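J.: Take this sequence and fold it.
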Amino acid sequence: MNSSTVVQPPFWFWILFHCAIGLLIFIDLWAGFRRKQALTLEEAFKWVIVWISVGLAFGALTFLLTNPEEAALYYAAYVVEYSLSMDNLFVFAVIFSYFAVPQVCQPIILYLGIITAIILRASFIFGGLWLIEQFHWTILIFGAVLIFSGYKLFKGGAEKVDPSRNPVVRFARRFLPLADYYEGKRWMVKSKEGRRLFTPLILALVAIETSDIIFAFDSVPAVIAITLNFFIAYTSNISAILGLRSLYFVIALTMFKFKYVGKALAAILVFLGIKLIGSGAEVFEIPTWISLLVVFGLLLGSILLSIIKKSEDGSE
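T.: The predicted structure is shown next:
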């Protein structure tokens, strides 16, 4: 939305950011490995609050390190990425259902997927900003990708996923020795003949990892459309990704979904795509405050409408 302010955060911030993230991931993983049963709704909800608090806290730190406008851009990017990730969790649900992954096994696959997503997002953001800096016309391509992604999301394409048609999954099925059953959280088992076989967990992980790549192509252009500042784009994106494991279980255990958020996200992606193209072609420039108003207005409006509609349907 605004690339005029180039923020160079102090080195201690990067240390603090990654140490805090690493510590929370370690604590969450440690608790997950000690857990004998599947994550409960209460536990998942507590972790959702923790991760959202972390995201909001880093936004406040951004305000102290930069200025109110950059902090607003951080929160806009965080909200958009968190909302996009929330929509993508339903794809994960389809994958887990298709492979009949036991609920107790799902946290570790989600975490491996999140770690991969962090690496992918950081690489894609850095690469995307580098491309725009070196070849300014590529900003038009990012804009076109966003418009197409918005159209696809509006048509409901994100939920129409078939893991059996995933070429990487099909490749893994053909060349990996696979068992047709699960044995706890184990990735490999030994057959009666003494052969070491992968459990279906490996196929679920492959499907999640390839989905991460597809999601990155949708979400990274969105954050680049909000800000060309790597500091803001990176921290907001990573903060949004980290809470996905616990958020998934809140959604899975309650089967709750904001009905109209998907449509609002589609409209936001199209808006950001048009904004990028207009800016890249130097035809028009949408002010930051209008972009923020559109992003927050559409998302908040869709959430309120979803709650009202759900309440009306429940009362009938």
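
J.: which regions of the stretch 1-150 of the chain lie under the pLDDT threshold?
T.: Applying pLDDT under 70 to the stretch 1-150 of the chain picks out residues 1-8, 31-39, 87.

J.: how about the helices of it, start to end?
T.: If DSSP state H, counting those that start in this stretch is used as the criterion, the helices of the stretch 1-150 of the chain fall at 11-34, 41-65, 68-98, 106-134, 138-154.

J.: Quick one: closest of those helices to T199.
T.: Distance to T199, taken as C-beta to C-beta, is lowest for helix 106-134 among the helices of the stretch 1-150 of the chain, at 11.5 Å. Using the backbone N, CA and C atoms, a C-beta is placed for each residue, glycine as well.

J.: how far does the closest one sit from the chain's center?
T.: 10 Å (C-alpha atoms, centre = their mean, to the nearest Å).

J.: Could you shift the numbering so residue one becomes 45, and keep it that way?
T.: From this message on, residue numbering opens at 45, which makes the last subject helix 150-178.

J.: which strands and helices sit next to it?
T.: helix 55-78, helix 112-142, helix 182-198, helix 245-270, helix 274-286, helix 288-298 (3 or more C-beta pairs under 8 Å, 6 or more residues apart in numbering; DSSP states H and E).

J.: Which phi and psi values does L241 adopt?
T.: For L241, the backbone dihedrals (degrees, to the nearest 10) come out as phi -120, psi 150.

J.: I'd like the helices of the stretch 45-194 of the chain as TSV, with mean neighbour count appended.
T.: As requested, those are arranged in TSV below (neighbours: other C-beta atoms under 10 Å):
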stretch	mean neighbour count
helix 55-78	13
helix 85-109	17
helix 112-142	21
helix 150-178	18
helix 182-198	19
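
J.: Nearest to R239 among the ones you listed would be which one?
T.: Taking C-beta to C-beta as the measure, those were each checked against R239, and helix 150-178 came out nearest at 23.6 Å.

J.: so the closest one versus helix 245-270, what angle?
T.: Relative orientation of helix 150-178 versus helix 245-270 (axes from the mean of the first three to the mean of the last three C-alpha atoms, to 10 degrees): 40 degrees.

J.: okay, the angle between helix 150-178 and helix 55-78?
T.: 160 degrees.

J.: just to revisit the earlier point, out of the helices of the stretch 45-194 of the chain, nearest to L349?
T.: Using C-beta to C-beta, the nearest of the helices of the stretch 45-194 of the chain to L349 is helix 112-142, at 14.3 Å.

J.: and that closest one, what other elements does it pack with?
T.: Helices and strands touching helix 112-142, as assessed by 3+ C-beta pairs under 8 Å, 6+ apart, comprise helix 85-109, helix 150-178, helix 245-270, helix 274-286, helix 288-298, helix 305-324, helix 332-359.

J.: Could you pull out the buried residues of the shortest one?
T.: Neighbour-count burial for helix 288-298, counted by 16 or more other C-beta atoms under 10 Å, picks out 288-297.

J.: For T254, which non-adjacent residue is spatially closest?
T.: The spatial neighbour of T254 that comes closest, neighbours along the chain excluded (C-beta to C-beta, 6 or more residues apart in numbering), is V212 at 4.9 Å.

J.: what's the residue lying closest to I321 once chain neighbours are set aside in contact with, if anything?
T.: In this structure, I321 finds its nearest non-sequential neighbour in G187, 3.7 Å apart by C-beta to C-beta, 6+ apart. The contact partners of G187, by C-beta atoms under 8 Å, 6 or more residues apart in numbering, come to 265, 269, 316-321, 324.

J.: let's see it at 7 Å
T.: If you count contacts by C-beta atoms under 7 Å, 6 or more residues apart in numbering, G187 has them with 317, 320-321, 324.

J.: who wins for neighbours among those residues?
T.: By neighbour count, taken as other C-beta atoms under 10 Å, the most surrounded of these turns out to be L320 (26 neighbours).

J.: ok so, going back, can you say which of the helices and strands packed on helix 150-178 is nearest to V92?
T.: Shortest distance between V92 and these, using C-beta to C-beta, is found for helix 288-298: 4.8 Å.

J.: so K319 makes contact with I330?
T.: Yes: between K319 and I330 a contact is recorded at 4.9 Å, counting by C-beta atoms under 7 Å.

J.: a markdown table for the contacts of G187, including pLDDT and distance to R218?
T.: Rendered in a markdown table, the data for those read as follows (pLDDT from 0 to 100; distance: C-beta to C-beta, whole Å):
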| residue | pLDDT | distance to R218 |
| --- | --- | --- |
| G317 | 84 | 38 |
| L320 | 81 | 40 |
| I321 | 87 | 42 |
| G324 | 72 | 43 |
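
J.: Just give the nearest non-adjacent residue to the residue nearest to the spatial centre of the chain, would you?
T.: With distances taken as C-alpha atoms, centre = their mean, the chain has S129 as the residue nearest its mean C-alpha position (3.2 Å). For S129, the nearest residue in space outside its immediate sequence neighbours is L288; the separation is 5.5 Å by C-beta to C-beta, 6+ apart.
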